[in-house]
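In: from the sequence below, what's the structure:
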Amino acid sequence: MMANTARLRPLAWWGRKWTKRDWAVAAVAVTAFLFLLSSLSDDPRRDRGAGARLPADDPASAADLVDLTLLRDAETKGALCLDGSAPGYHFSKGFGSGSDSWLIHIEGGGWCDSFSSCSSRAKTKLGSSAYMEHQVSFAGILSSERSQNPEFFNWNKVKIRYCDGASFSGYPQSEPKDKKGRIFFRGQLIWKALMDELLSAGLSTAHQAFLTGCSAGGLATLIHCDDFREILPKDATVKCLADAGFFLNEKDISGNDTMRSFYHNVVQLQGVKESLNKDCVTSKEPSDCFFPEEIIKNIRTPVFLVNPAYDFWQIQNVLVPDGSDPSESWKKCRLNIRACTPSQLKTLQGFRDSMLRALSEFQKSKEGGMFINSCFIHCQTWIGETWHSSNSPRISNKTIAESVGDWYFNRRAVKQIDCRYPCNPSCYNMDFS
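Out: The predicted structure follows:
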């Protein structure tokens, strides 16, 4: 269960009693809100080792408010959110030397793995455009401020809103037939329709393109990376980046395959198998092919992975999910890494080791890149403070933005793997206690 649930219960869509599985689904969805709560606290430039709280976006980024656009003819195309509404995106037009370059970012927000959880999700902005904000601020990798986003500030930038609950990979054949309270599983159709609309808006003539995503959107980026390459000009430079999207197929502290079981239900419910690599699903359980460790084995397009080795979402939902710790001995540790006991830190170091093992083959790839820092955080690219600022997390004195830029523009190979916690004083280590 996410740390600050007591503060979030007053929100309307949190009104009912949630199950263990509901919390796992919702955890990523509230990450952005937790960051907002964190931003209201004291000066982040204090000792970040004590548990950082990210500040609000730069005043300059307030000018980057971008309107919501709903997909045209969504019903005709069959491309519908969980509740049957039209999907949406935010588009900021490029300028100057970036006019023919495109950066597309896929929003994150967890998954739903049952008709009940998808029905509840359909009454939120993660399942219906009726609840989406009409404007959002573009910051970090989406910012139009050169100081915050030196490499991509003047590119055409698109934020795709997430409303299908399966990382844009579901198929309508799996939809329940009951018309009453109908739920739509159209993730793959949404992806195709959005790409068609963006192609007609200028993406089809892009000289450079970058598909990125955070969390469940990072997983979607990996799933669709080669598809994205295929629809663009052959002479275009096309690459992909997954931020906090490398979810591990690891047992929890009680020895259960909580995440694997959860992904199994998502894949079965929404017919995700059809979106996954055919060779993988032929030789393995389809839900195993939904894990990034398997997906990256078959991606032909260059990929960059940004991930904290101590990803708080994975610690709270993969390693120590709700129900796995009846004695609550992990309660403080999963809220604040500085509160972990030596034995708990040893377990977290083991989780980091599992991530590095899962990345060992990818690390040998000549075209791939990575920035694996030792922070207790989740997504880092869409927040100005963690993407590129004087206080950003660094490895080898390089921010995430600098490292990604060096890789994208082939200035140098980038395979940055941080030392073990607590070695990096530049980290933002979130504190939910």
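In: for this structure, name the helix or strand with the lowest mean pLDDT.
Out: Least confident helix or strand of the chain, by mean pLDDT, DSSP states H and E, is helix 5-8 with a mean of 25.
In: can I assume residue 416 sits in a strand?
Out: Yes - secondary structure of residue 416 (DSSP: H, G, I helix; E, B strand; the rest coil): part of a strand.
In: surely it touches residue 397?
Out: No - in this structure residue 416 lies outside contact range of residue 397 using C-beta atoms under 8 Å: 10.7 Å. Backbone N, C-alpha and C define where each C-beta goes, glycine included.
In: between the two, who's got more neighbours?
Out: residue 416 (18 against 7; other C-beta atoms under 10 Å).
In: report the contact partners of the more buried one.
Out: With contact set as C-beta atoms under 8 Å, 6 or more residues apart in numbering, residue 416 has these partners: 370, 371, 372, 373, 395, 396, 398, 403.
In: try it again at 6 Å.
Out: The neighbourhood of residue 416, defined by C-beta atoms under 6 Å, 6 or more residues apart in numbering, consists of 371, 395, 403.
In: just residue 98 next, same as before
Out: Residue 98 neighbours (C-beta under 6 Å, 6+ apart): 154, 155.
In: same check on residue 269?
Out: When contacts are counted by C-beta under 6 Å, 6+ apart, residue 269 touches residue 113.
In: now the one 5 residues further on
Out: Contacts for residue 274 (C-beta under 6 Å, 6+ apart) come out as residue 171.
In: for it, which three-state class applies?
Out: Secondary structure, three-state DSSP: residue 274 is helix.
In: before we move on, back to that, filter the contacts of residue 416 down to just the ones in helices.
Out: Among those, the members found in helices (DSSP state H) are residue 403.
In: which one of the contacts of residue 416 sits in the busiest neighbourhood?
Out: Tallying neighbours with other C-beta under 10 Å puts residue 371 at the head of those, with 29 neighbours.
In: hmm, that one is touching residue 306, no?
Out: Yes - shown here, residue 371 and residue 306 form a contact pair, counting by C-beta atoms under 6 Å, at 4.9 Å.
In: give me the common contacts of these two.
Out: By C-beta under 6 Å, 6+ apart, residue 371 and residue 306 have these common neighbours: residue 400.
In: ok, so of the contacts of residue 416, who is nearest residue 277?
Out: residue 371 (25.0 Å; C-beta to C-beta).
In: now do the same for the closest one: its pLDDT.
Out: At residue 371, the model reports a pLDDT of 98.
In: before we move on, back to that, so which of the contacts of residue 416 comes closest to residue 162?
Out: Of all these, residue 162 sits closest to residue 371, with 23.0 Å by C-beta to C-beta.
In: across the sheet, point out what pairs with that closest one.
Out: In this entry, residue 371 is beta-bridged to residue 306, residue 416, by DSSP bridges.
In: enumerate every residue touching it.
Out: The neighbourhood of residue 371, defined by C-beta under 6 Å, 6+ apart, consists of 306, 400, 403, 416.
In: of those residues, closest to residue 215?
Out: Of all these, residue 215 sits closest to residue 306, with 11.1 Å by C-beta to C-beta.
In: can you give me the neighbour number for the closest one?
Out: The number of residues packed near residue 306 is 28, by other C-beta under 10 Å.
In: with residue 326 instead?
Out: Residues lying near residue 326 (other C-beta under 10 Å) number 7.
In: so residue 304 sits in a strand?
Out: Yes - remark: residue 304 belongs to a strand, assigned using three-state DSSP.
In: so how far is residue 208 from the nearest residue to it once chain neighbours are set aside?
Out: Nearest non-adjacent residue to residue 304, counting by C-beta to C-beta, 6 or more residues apart in numbering: residue 369, 4.0 Å away. Per C-beta to C-beta, to the nearest Å, residue 369 is found 16 Å from residue 208.
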